[in-house]
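In: Using only what follows, build the 3D model:
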Amino acid sequence: MAKEKTRVFLQSNTSLLSKLDLISLLDSMTLGVLFVDPARRVIAMNRFLEALTGYNREEVVGIHGENIIRSNLLTLGDPVGKALESEKSMTQEGDIINQSRKKIPIRFSVSPLKLITGKKAGAMLILEDISLLKDLDNKVHGFSGKEHIIGQSLKMLEIFELLPIAARTDASVLITGETGTGKDLVAEAIHKASQRSRYPFIKVNCGALPESLLESELFGHVRGAFTGADNDKPGMFRLAHGGTLFLTEIGDLSLPLQVKILTVLDDKEFFPVGGSKKVSVDVRIITATHRDLGKLVKHGKFREDLFYRLNVLRLHLPPLREREEDFRLLLDHFFREIRANLNKKIKGFSDACLTLLSSYNYPGNVRELRNIVEYAVNVCPNETIRPDHLPKALLSMEQASSSSSENQETTDIESMETAMAFPGTMPSSAIPAPGGWGDVERAMIMKALTETGGNRTNTAALLGWSRSKLWRKIIQHGLK
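Out: Numbers count the residues shown, from 1 in each chain. Model prediction:
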C-alpha cells in the first residue's frame, strides 16, 4: 500500500522532477557520482568525479564505465554486476587509477536504477575518496602526508617541521627549489594533511600551455567564447572548489594572467572566458617555481603585489647535492621500488658504481637519480649493476669532470710543493709532518672539514675543488 502511494505521488510530481536541475545538485556534492545504463555505458557524472578521474564528463558520455572508472572492482567481486543482477545496493572498498595514473583508495556504493514503471534503467555509482581515512592513524599520531617524502638530512627535517604548519592554515604557500627536488610531493602532502583533503587536489603547469589556452584551462569558458568552444568548460578553479589548486612553474605565468590570479585571491570570484556572470570559488592556492621570483619582480616580469600574496608561507627545497645524508636512502628506495615493479633479481650496485653515483652532481636532483636507477635496473642483465649499466650521458659527463679534476689536481700539487718549498706562503698549521703527498692532502681535507663543521659543500669551496672531487678524495683517503 505504501509503495502504491509513493508511486502515485511520484507520477503526480513527474513534471516537477523533470524540471529539477539534478546535475547542479550533484555538482554540489563532495562525492563522485556516476550514472550508467544497463549496458554500463556512462550517462552522466558530476564535477567531483570529473576532478577525481581527470576525465571531461561531456566527452565520456556513451563510453563504457570501466574505461573511465579504472578500478579493481572486478577482482573484488564486481559489485556493479551484482547490483544490476540482484537489484540491491552494495558497498565495497577498492582503488581507482585516474588519468594521471595516480592510485586513489575509494569506497564504492552501487545502487540499481529503476523507472517509475519498474523497468531497469542502469545503476548509480557513488565514489568516496577515503585517502583521509587511510591516513587517519598518521593524523592522530603526527603529521600525515610526508610518507612519500624521503629524507633525514638537517635541511629536510626543517622542511618536515614546516609542513604541519602549512597544513593547518589556508594561507598561500610558495614552494621553491631546483627542478626535480620534489615540489609536487610537498604540495600534495600539505593538501592531504589539511582540512581540504576530502576535496580535489588539482595541479596546473603554468609553463606547459600558451597564454590563451592556459586562461581557459584555469578559469573555464562559456560556449561560443572562441572558435572550437562548442560547450561550457568549468576550468580548474571550479573543479578545485573546496580543495587545493597547485600552480606549478608560476614564474612562467604571463602578466595578464597574473592580474586575473590576483583578482581571484582578493575577491574569490572571476569571469570565465567569454562569460558575463561571475563564478565564486573557495580554493586554496599553492604555487611552486624553480625561478627566483624576487629577481623577476625587479625586472618587471612578475607583479610585486602577487608575489607578496603568494609568498605568505615559503618552503625552499634543497638540491640533492646538499642532502648527502639522504643520497643512499633515496638510492636504495628507488632501487627496491623499481626492482619490484620489474620483477628482477638484481642484488645491488657494485662498489665502483656506488662511487661513481656518489660523486655525480645530479643537476636534475631526485628526479634524475630515480631516472638513472630505473635505466640501470632495466639495462642490467646480471645480479650486480656496474658502471657500464649507467646512462652513457652520465659516464661521459663524469669522464669530463675527472679530466678537469686531474688538471686541477696537478695545479694543487704544484701549489703545495711551492708552499712547502717556501713555508712563508702557507700557514704552518696546514703543513703536516713529512709522509708523502697523500698525507698532506688528507690533512688538508681534515683541516677544511673541521673549519666548516663537516659541511662538504663549504669544504669543497674552501679547498677550491668541485664537490664531486672532494667526495672522491674522501673515499680515497678513507674519511667516509
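
In: and residue 277, how many neighbours?
Out: 7 (other CB atoms under 10 Å). All C-beta atoms are positioned from the backbone trio N, CA, C, and that covers glycine.

In: And the residue nearest to it when sequence neighbours are not counted, how far from residue 227?
Out: With CB to CB, 6 or more residues apart in numbering as the criterion, residue 277 has its nearest non-adjacent residue at 7.5 Å, and that residue is residue 271. To residue 227, residue 271 is 19 Å away according to CB to CB, to the nearest Å.

In: next one: residue 70
Out: In terms of CB to CB, residue 70 sits 33 Å off from residue 227.

In: what stretches of the stretch 301-450 of the chain score poorly on pLDDT?
Out: 395-440 (pLDDT under 70).

In: residue ranges of the strands in the stretch 1-150 of the chain, please?
Out: 32-36, 42-45, 90-97, 103-114, 120-129 (DSSP state E, counting those that start in this stretch).

In: most packed of these?
Out: Greatest average neighbour count among the strands of the stretch 1-150 of the chain goes to strand 32-36 (a mean of 23), per mean count of other CB atoms under 10 Å.

In: ok so, going back, pick out whichever of residue 70 and residue 227 has more residues nearby.
Out: Set side by side, residue 70 and residue 227 show more neighbours around residue 70, with 15 against 6, by other CB under 10 Å.

In: Does the more buried one touch residue 97 like I think?
Out: Yes. Using CB atoms under 8 Å, residue 70 is in contact with residue 97, at 4.7 Å.

In: Go through the strands of the stretch 1-150 of the chain and name the closest to residue 159.
Out: Closest to residue 159 of these is strand 103-114 (CB to CB; 24.5 Å).

In: Which strands and helices lie in contact with the closest one?
Out: Counting contacts by 3 or more CB pairs under 8 Å, 6 or more residues apart in numbering; DSSP states H and E, strand 103-114 is packed against helix 79-86, strand 90-97, strand 120-129, helix 131-134.

In: closest one to residue 180 among those?
Out: From the helices and strands packed on strand 103-114, taking CB to CB, the stretch that ends up closest is strand 90-97, at 24.1 Å.

In: helices or strands up against that closest one?
Out: helix 79-86, strand 103-114.

In: Could you tell me the least trusted of these?
Out: Mean pLDDT is lowest for helix 79-86 among these, at a mean of 71.

In: what's in contact with that helix?
Out: 36, 38, 40, 65, 73, 88-92, 108, 110-112, 120, 122-123, 125 (CB atoms under 8 Å, 6 or more residues apart in numbering).

In: Run a quick neighbour tally on residue 474.
Out: 18.

In: Make sure it is indeed in a helix.
Out: Yes. Counting by DSSP: H, G, I helix; E, B strand; the rest coil, residue 474 falls inside a helix.

In: and it, how far is that from residue 373?
Out: 23 Å.

In: Next: residue 333.
Out: 9 Å.

In: Looking at the two now, which is surrounded by more residues?
Out: Comparing residue 333 with residue 373 by other CB under 10 Å, the one with more neighbours is residue 373, at 24 against 16.

In: contacting residues around the more buried one?
Out: Counted by CB under 8 Å, 6+ apart, residue 373 has contacts 331, 334-335, 338.
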